[in-house]
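S.K.: structure for this input, please:
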Amino acid sequence: VNRLVAAYGDEEAEKLLLYRESAHPTVMRPNMTKLSDAAFEKLLEKKGLSFTRGVAPHAYLVGGAVDAGSDPDFRSGMYSIQGQSSILAAEAVEAKPGMRILDACAAPGGKSAYLCEKMQMTGRVFAWELHERRAQLLDGVKRRLSLDNLRVTVRDASDFREDLENTLDAVLLDAPCSGTGVMAEKPDIKHRLKEEDIAAIAETQKKILNTVCRYVKVGGTLVYSTCAILPEENRMQVEAFLENHPEYQLELLPQGIPEELRKMQGSYGLQLLPHRDHVEGFFIARMRRVR
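M.R.: Numbering: from 1, shown residues only. Purely as a prediction, here's the structure:
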């Protein structure tokens, strides 16, 4: 509470802490290699499901959704379930066919899948995950969606890999974080998180960021994101990174992200707030390597 008050003031902090979605629609998006948005809408109509367009590209807020695990269309890879902020973070990479991209902390795999599909199964997406059990989630996504351009590896992203230095078109780091942006969905975070955890989390983020930035080639893109709302993990992290890495410059988020969100970008990135933006509390910063 003290940290949120310090960062946002009394009124905004209270809104953040009290926010609850009255109803949680399921966010679905089509497999972009198999269905256009229009074709996906027809599929939803055929299933008798009500839906509205979300704020994120290709996102649909679906009411009365059936259990996806038992839906043949889901199992055959026609669509995915993915949070809107996760989609926005992946869209910030602006993936194009033929690129080589690293998703550095990739499980459960929604962003990796989005990148693979945006490239229409060309190029390569390297998906790294520290924990083998979570890496199995990535393997499951790869099989279900037939992502031939996805390479899953159990790897600690903070360990430097020399052979990848200056070789990648883009790196997406959705860093380990406090999860304070998703407290509405996971209220236990309020009780589980300790004061001393924040400094340790921020140090881990800094270490990974300073490692994976070396993989981006000149002219390439580095996207840093978290599902957190604390400035120590977000704005302050990017500010310190840019001070220590003059080879990088902050960029405006790409046109694929709606203008109403892009215009809220600050000096060090975009902070999404659940009570204001009606998406998961996420931070997204897009940086370009200029030398």
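
S.K.: for the chain, what's the longest helix?
M.R.: In the chain, taking DSSP state H as the definition, the longest helix is helix 195-212.

S.K.: what's the next secondary structure element after that helix?
M.R.: Tracing the chain past helix 195-212, the next element assigned as helix or strand by DSSP states H and E is strand 216-226.

S.K.: may I see the buried residues of the lowest-mean-pLDDT helix or strand in the chain?
M.R.: One helix or strand of the chain scores below all others by mean pLDDT, DSSP states H and E: helix 189-192, with a mean of 90. Under the neighbour-count criterion of 16 or more other Cβ atoms under 10 Å, helix 189-192 has Ile189 buried. C-betas here are computed from N, CA, C, even on glycine.

S.K.: contacts for it, please.
M.R.: Residues outside helix 189-192 that contact it (Cβ atoms under 8 Å, 6 or more residues apart in numbering): Leu17, Ser178, Gly179, Thr180, Val182, Met183.

S.K.: now swap in stretch 70-84 and tell me
M.R.: 26-31, 34-35, 40, 43, 47, 54-56, 59, 68-69, 110, 113-114, 141, 144-146, 279-280.

S.K.: what ranges in the protein fall below the confidence cut-off?
M.R.: Scanning the chain for pLDDT under 70 picks out the ranges 22-23, 66.

S.K.: okay, how far is it across stretch 122-141, tip to tip?
M.R.: End-to-end distance for stretch 122-141, by Cα to Cα, to the nearest Å: 17 Å.

S.K.: give me the helices and strands touching the helix or strand harbouring Val171, please.
M.R.: Assigned by DSSP H and E, Val171 belongs to strand 168-174. With contacts defined as 3 or more Cβ pairs under 8 Å, 6 or more residues apart in numbering; DSSP states H and E, the secondary structure elements packing on strand 168-174 are helix 84-91, strand 100-103, helix 110-118, helix 195-212, strand 216-226.

S.K.: so which of the contacts of stretch 70-84 are in strands?
M.R.: Thr26, Val27, Met28, Arg29, Pro30 (DSSP state E).
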